[in-house]
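Novice: Fold the following for me, if possible:
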Amino acid sequence: MTIRGQSFGSERGFGDYKNVDGILYPHGFTYPSRDKKSVLQGRIASVEINPDLDAAHFTIPKNIK
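Specialist: Got it, this is the predicted structure:
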């Protein structure tokens, strides 16, 4: 991607795939640190498919212009 005329690359590694409602989703990921000297790791605790969401999640507050 390019931000303010400077190009940046992005790497992600995905793993620990688990079946969630018949679809394999990665629950672990890695990416290099900014200095490229170490690898950072992350975990996804849970994945929900089509959760029930209150309509308020989709309402724009009146004080936002």
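
Novice: Would you mind confirming that S10 makes contact with F29?
Specialist: No - counting by CB atoms under 8 Å, S10 stays clear of F29, with 12.0 Å between them. C-beta: built from backbone N, CA, C; applies to glycine.

Novice: and those two? which has more neighbours close in?
Specialist: Using other CB atoms under 10 Å as the criterion, S10 and F29 rank with F29 on top: 15 against 7.

Novice: Without its sequence neighbours, what residue ends up closest to Y25?
Specialist: V47 (4.9 Å; CB to CB, 6 or more residues apart in numbering).

Novice: ok, the helix or strand containing F29: who's next to it in the sheet?
Specialist: Using DSSP states H and E, F29 sits within strand 23-32. Under the criterion DSSP bridges, strand 23-32 sits next to strand 13-20 (antiparallel), strand 39-43 (antiparallel) in its sheet.

Novice: between the ones you listed, which one is nearest to D52?
Specialist: In terms of CB to CB, the element of these nearest to D52 is strand 13-20, at 16.4 Å.

Novice: Okay, now the sheet partners of the lowest-mean-pLDDT helix or strand in the chain, with direction.
Specialist: One helix or strand of the chain scores below all others by mean pLDDT, DSSP states H and E: strand 2-3, with a mean of 84. The partner list of strand 2-3 in its sheet, established with DSSP bridges, is strand 6-7 (antiparallel).

Novice: Pull the residues that contact the strand it pairs with.
Specialist: Defining contact as CB atoms under 8 Å, 6 or more residues apart in numbering, one finds that strand 6-7 is touched by M1.

Novice: Please compute how far that strand lies from its chain's middle.
Specialist: Centroid separation for strand 6-7 versus its chain: 22 Å, with CA atoms, centre = their mean, to the nearest Å.

Novice: Average pLDDT for that strand, rounded please.
Specialist: Strand 6-7 shows a mean pLDDT of 86.

Novice: residue ranges with poor pLDDT in this protein?
Specialist: 65 (pLDDT under 70).

Novice: at 80 instead, please
Specialist: For the chain, the stretches with pLDDT under 80 are 1, 8-10, 34, 64-65.
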